[in-house]
Structures are given as C-alpha cells and as structure tokens.
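Student: sharing a sequence plus its predicted fold:
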Amino acid sequence: MEKRFVYADNAASTAVSERVLNAMLPFLSESFGNPSSIHRQGRDARRAIENAREQIAECLNCHPSEIYFTSGGTESDWWAVTGYAKAQYEHGKRHIVTTAVEHKAVLEACKKLEKQGFEVTYLKPDGDGIITAEQVENAIRKDTALVTVMYANNEVGTVMPVEEIGRVCKEKGVCFHTDAVQAVGNVKIDVKKQNIAMLSLSGHKIHAMKGIGVLYVRNGTALEAMITGGAQEKGRRAGTENVPAIVGLGEAVKAAYEDFDGRYERTVKVRDRLIDGLIKLGGRLNGSCENRLMGNVNVSFEGFEGETMLLLLDSKGICASGGSACSSGQTEPSHVLTAMGLTAEQARGALRFSIDGGFTAEDADYIIEAMKDIISRLNKMKGL
C-alpha cells in the first residue's frame, strides 16, 4: 500500500483556509492600527471588527451587538457558565443543569461553582449520547439559574435536540447556553428559533486561526464581565482586539454556510463509506447514527489500545485522535464514552476520525486499508 498523507483530525483543529488567510493579511501589514484609536488606521481596524461581527451575527440570526469576541471555545464556555451563574447567585438561583458528556471547559466550571455554593445536576445520556428535552424539563427547579447542554458532542458527534431543549428553557424561564464549538459550520443554527440565550464557538474548528472565538449573549442577559480594565467588547472583555484573527473568523463563519447543503451531501457520503469499512473490520460505532455531525466517525476496536493504533496510523501518514484533543495524554478512558455505557476497555479502544469537505473516497479507502493492516499486525503480536 503506497503511503500517503490523510488528515482526519479536523475536530481537533483545521487548517487556515486560503480565503481566511487572504482576508487577514491586510490587517497584519497595511491596516495595523489599534481599533480604539481615532485616526484612519484605527477606524479601518474598527470597521473590520464590526464587519466580522455582522458576518457572524447573520449566520446565527442574531444582532451584531450580541457577538463578543473571545480567545476560543474554552473561554467562551467558562465565561458563559461562571459569568451567568455568579450574576444569579444573589437572586437565590443556585442550581445548574448540565450533562455528563460536556466539554471539560463546562464541567470544570461547574465543579468550581459547586465549591462556591451551587448545586449541579449532571444528566446522563442514552447509549447514543443523547440528552432529551424531557430530561432537562424534569431537572429544572425553581432555583435553576442555567441550563448548559452542548449542541454536538466533540467526541462522538451526536447532535442534541437543541431546539426542543431551548423551548423547554423558554417555557420555564431559564437561561439556556450551548457549546456549539463542533456544531458551527456543520449544522444550521438559528439562535432565535432555537431559543438559545448564549452560544460558544471557536475559530480553529472552521478554518480560522487558533486563539479566537465568540460568545453570543442575547441582549438583556445578565452576565458578569470576563476581563475588566478597558472598554472593549462593551466593557465585558477588556484588552486590545486581535484584529486579524477576528477578521478571519468572520470570513470563516461566512464561508462555512456557503454551499452548505452541497458540502453536507458530499461529506456524509464519504463519512458513511468510512464508517461501513471500519465496522466490517470489527469496529463499533459510537454515537447516534441519525443525529450525527457530517464529519464525525468514532469507532471502538475492543481489545486494542487507541494510543497504539494512533501511533501506527501516524506511521502510515494518517492523522486521527482518540477523542477530545483537550484530554490528550490522559490514561483514563473518555468520560463521554463511559457516560454512554461503554466499558473502560471499549472506551480505550476508541478512535475518532473527523473529516471535512476536502476528504475523498480515496482517503476513506486508505484509512480502511491501513486499519485492516494495523488490526492484523496487532492480532499477530497478541498471538506471540
């Protein structure tokens, strides 16, 4: 089998696209002014920021004033959960509803709040990783301050019933936050229709730079400032703005929703080709078959170590992961997979291939052949 390079770890990070890079370049050289300055260079930078804000707001169906730029998904999640909870503490709202399969940014924020007097309910998913609106409704209490449920799981790609959960939260008068880091660009989002009060997204998942993200906050939502010391982001997140990264993020979000239907059809076709091939090799698909991100393939090979398989894949020029990039290096099995009911052995044998619109049928076949060789090799080693 002739060696080639296949990148299948887009859920961890994507390449900056040529379109995004070209949009950023002028703000790295020509238009380098501080957006808080009143001279022409500063005004040009300010206009670029506001244009990016409008691009993102249009894709989410919200007002540009509801878009706040951050350093990425982790900061956005942390700010949403802790900033809103603290604003509700004095009003006696000291209960939070979340799930056992959230990103660590949300889970760690909740753990910290528990030490500060909050009570947190962690909802358990079904075998496909889904949390139902009924579960959320049953968990909401009179003192519930916030419901935070991710839009799509970063490990297994399961898409949650966000619109139904949003409707429940609206009826109960509870703020609803969703971590949409994996969802933006992969599903169509309408924060008004879906009754989302706060939403997190990250640039490097959609071909923008690392270190840039957004927290959407519905106007009128009480939220403590993230960083004080300046008037940037309406005084809620002080600090000179990263103009090139912001411009690139606006362009990336806009690009993600152009030809969305065509990209979805192409990506799902090769995704399913890869899933079918891996299942024939003895793999177990993790996550929902129907409610799944277009580019996510998470498969467990029981009896094998994911880390060993990843190293062997890397030797064949294939980039993949065992789950969340934020948890790499940890020996414990995935908290997402174990919460879904997998055994520790099944969870340790999990591989995540995350593809984008440029992934081809030939790429899928190369991964399948590589895994066939790897499994055969590891079985022979077991025999020895």
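Tutor: The structure has been received and is ready for your questions.

Student: buried residues in the longest helix along the chain?
Tutor: Assignment by DSSP state H gives helix 361-383 as the longest helix of the chain. Within helix 361-383, the residues that qualify as buried are 363, 364, 366, 367, 368, 370, 371, 374, 375, 378, counting by 16 or more other C-beta atoms under 10 Å. Glycine gets a C-beta too; all of them are placed from N, C-alpha and C.

Student: now do stretch 131-139
Tutor: 131, 132, 133, 135, 136, 137, 139.

Student: and these, which is closest to residue 29?
Tutor: residue 131 (46.7 Å; C-beta to C-beta).

Student: which residues in the protein form strands?
Tutor: 6-7, 67-70, 95-99, 119-123, 144-148, 175-179, 198-202, 213-217, 284-285, 296-300, 318-319, 350-354 (DSSP state E).

Student: residues making contact with the third one?
Tutor: This means strand 95-99. 81, 85, 106-107, 110, 113, 118-125, 131, 136, 139-141, 143-150, 174 (C-beta atoms under 8 Å, 6 or more residues apart in numbering).

Student: in ChimeraX, how would I select the buried members of the residues you listed?
Tutor: To isolate the buried subset of those in ChimeraX, counting by 16+ other C-beta under 10 Å, use the following:
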select :81,85,106,107,110,113,118,120,121,123,125,131,136,139,140,144,145,146,147,148,149,150,174
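
Student: share the number of residues neighbouring residue 314, please.
Tutor: Residue 314 is flanked by 11 other residues according to other C-beta atoms under 10 Å.

Student: would you turn the buried residues of stretch 131-139 into a markdown table with distance to residue 35 and pLDDT?
Tutor: Formatted as a markdown table, the buried residues of stretch 131-139 follow (distance: C-beta to C-beta, whole Å; pLDDT from 0 to 100):
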| residue | distance to residue 35 | pLDDT |
| --- | --- | --- |
| 131 | 40 | 98 |
| 132 | 44 | 98 |
| 133 | 41 | 98 |
| 135 | 44 | 98 |
| 136 | 40 | 98 |
| 137 | 43 | 98 |
| 139 | 42 | 98 |
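
Student: which of the residues you listed sits closest to residue 336?
Tutor: residue 131 (12.0 Å).

Student: how close does that closest one get to residue 354?
Tutor: Counting by C-beta to C-beta, to the nearest Å, the separation of residue 131 from residue 354 is 21 Å.

Student: repeat that for residue 188.
Tutor: 19 Å.

Student: count of neighbours near residue 116?
Tutor: Residue 116, neighbours per other C-beta under 10 Å, totals 11.

Student: what values do phi and psi take at it?
Tutor: Main-chain dihedrals, residue 116, degrees, to the nearest 10: phi -100, psi 10.

Student: perfect, I'm done here.
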